[in-house]
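Enquirer: can't give you the sequence, but here's the structure:
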C-alpha cells in the first residue's frame, strides 16, 4: 500500500493515474500492464519496443528492442518473475 490514510491514498492514486495516462498517450501504446507487487508499468507499442517504467515518477527503466513488427501486448506472469511481450 502506498499510504495508510484513505484521503492521501486517493490523492496518490490520482497522481499515479495521471502519470500512467501521460506515458500511454505520449508513446502510442497498444498494451499496458501493472506489476502485481512493484511500482512498475510495462507498455507495448507500434515502434517495435516494449518498455518498463518506474512509478510514480514515470522514469524509463528498460526498453526491449528486436521485434520485427509492432508489439501488440505485454503482461507480467503471476509468479512475478517473467515479463512477456507479444507480437
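Expert: Sure thing, it's come through. Just so we're clear, the structure is a prediction, and the values are computed from it rather than from any experiment.

Enquirer: Quick check: closest non-adjacent residue to the residue most central in space within the chain.
Expert: Closest to where the C-alpha atoms of the chain average out (C-alpha atoms, centre = their mean) is residue 41, at 1.9 Å. Closest residue to residue 41 apart from its sequence neighbours, by C-beta to C-beta, 6 or more residues apart in numbering: residue 53 at 4.4 Å. Glycine gets a C-beta too; all of them are placed from N, C-alpha and C.

Enquirer: What of residue 74?
Expert: residue 44 (4.2 Å).

Enquirer: so the residue nearest to the centre of the chain is in which element?
Expert: strand 40-45 (DSSP states H and E).

Enquirer: Over that strand, what's the mean pLDDT, rounded is fine.
Expert: The predicted model assigns strand 40-45 a mean pLDDT of 86.

Enquirer: so the residue nearest to residue 41 sits right up against residue 39, yeah?
Expert: No. The criterion here is C-beta atoms under 8 Å, and residue 53 misses it with residue 39 at 9.4 Å.

Enquirer: higher neighbour count, these two?
Expert: Neighbour count, other C-beta atoms under 10 Å: between residue 53 and residue 39, residue 53 has more, with 21 against 13.

Enquirer: Good, wrapping up.
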